[in-house]
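# coords please:
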Amino acid sequence: MNCYVLIGGGSSRMGRSKPELFLASIAAAATPVFDRVFAVQRRGGPAAGVETIFEKEHEEEAPLFGLEAALEHAKAPCFVLATDYARITGDLLRLLRDEAERSAASIVAPIWNTIPQTLCAVYRPEVLPAVQERIATGRLDVRGLLVTVTTQFVDEETIRARFGNQALISVNTPEELAEAEKLE
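Numbers count the residues shown, from 1 in each chain. So this is what the prediction gives:
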């Protein structure tokens with residue numbers, strides 16, 4: 001199974017490039033867990049420090065385009081991960097990968113703070129038509145997929161018990177970055 005790290009966002013709330021801040025540590029956590037690690041960049045964006053694939057040309061900004069590129073490239077189950085997860089570990093990625101390998105669900109995603117984490121999840125190839133249909137109709141919210149295909153959730157309490165209360169924190173602003181750095 002390959003891991004695809006989405007790096008095509010604008011990082012507007014952060015005010016600096018999240019891939020520059022976090023991609024190296026995310027790739028380091030993912031490399032021992034997955035067959036290969038790819039960055040998924042918006043068409044025309046710069047290649048990353050890891051092998052990079054590019055989304056199709058589009059005007060809107062939404063991670064659904066990166067998910068589409070990952071599924072088209074992988075043609076197999078793949079792990080899709082946003083650069084927001086600055087504290088992700090190989091052990092947590094391995095747990096999620098292993099859960100997906102045991103599951104028949106089309107999507108396997110963890111729950112964190114009661115919210116499905118669709119950008120830290122395994123997607124099977126059969127999700128691609130639903131992704132393309134959502135893009136074609138302008139419904140660009142990835143969470144909308146959860147009601148159209150079979151989904152298994154990894155329990156939040158299990159993750160917290162094994163990996164602590166910071167395992168899936170998302171870093172999108174300078175304030176969140178400062179909080180995450182205090183935890184290191």
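# show me where this protein has strands.
Ranges of strands in the chain, per DSSP state E, are 2-6, 37-41, 52-54, 78-82, 107-112, 115-116, 120-123, 151-154.
# can these go into CSV with extra columns for distance to residue 138 and mean neighbour count?
For the C-beta atoms, the positions are set from N, CA and C on the backbone; glycine is no exception. What follows is those, written out as CSV (distance: least, Cβ to Cβ, whole Å; neighbours: other Cβ atoms under 10 Å):
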stretch, distance to residue 138, mean neighbour count
strand 2-6, 20, 24
strand 37-41, 21, 23
strand 52-54, 22, 16
strand 78-82, 21, 25
strand 107-112, 21, 22
strand 115-116, 21, 16
strand 120-123, 21, 25
strand 151-154, 22, 18
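# lowest average confidence across those, which one?
For those, the bottom mean pLDDT is recorded on strand 52-54, which sits at a mean of 91.
# so what does that one touch, helix or strand wise?
Contacting strand 52-54 under the criterion 3 or more Cβ pairs under 8 Å, 6 or more residues apart in numbering; DSSP states H and E are the following elements: strand 37-41, helix 63-74.
# let's have these in CSV, adding distance to residue 106.
CSV is the format used below for those (distance: least, Cβ to Cβ, whole Å):
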stretch, distance to residue 106
strand 37-41, 19
helix 63-74, 11
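# winner for burial among the ones you listed?
Across those, averaging neighbours per residue (mean count of other Cβ atoms under 10 Å) puts strand 37-41 on top, at a mean of 23.
# dump the strands of the chain to JSON lines, plus distance to residue 133.
Listed next are these as JSON lines, based on distance: least, Cβ to Cβ, whole Å:
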{"stretch": "strand 2-6", "distance to residue 133": "20"}
{"stretch": "strand 37-41", "distance to residue 133": "20"}
{"stretch": "strand 52-54", "distance to residue 133": "22"}
{"stretch": "strand 78-82", "distance to residue 133": "18"}
{"stretch": "strand 107-112", "distance to residue 133": "15"}
{"stretch": "strand 115-116", "distance to residue 133": "20"}
{"stretch": "strand 120-123", "distance to residue 133": "15"}
{"stretch": "strand 151-154", "distance to residue 133": "17"}
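# now for those strands, which one comes closest to residue 168?
Shortest distance between residue 168 and the strands of the chain, using Cβ to Cβ, is found for strand 107-112: 4.1 Å.
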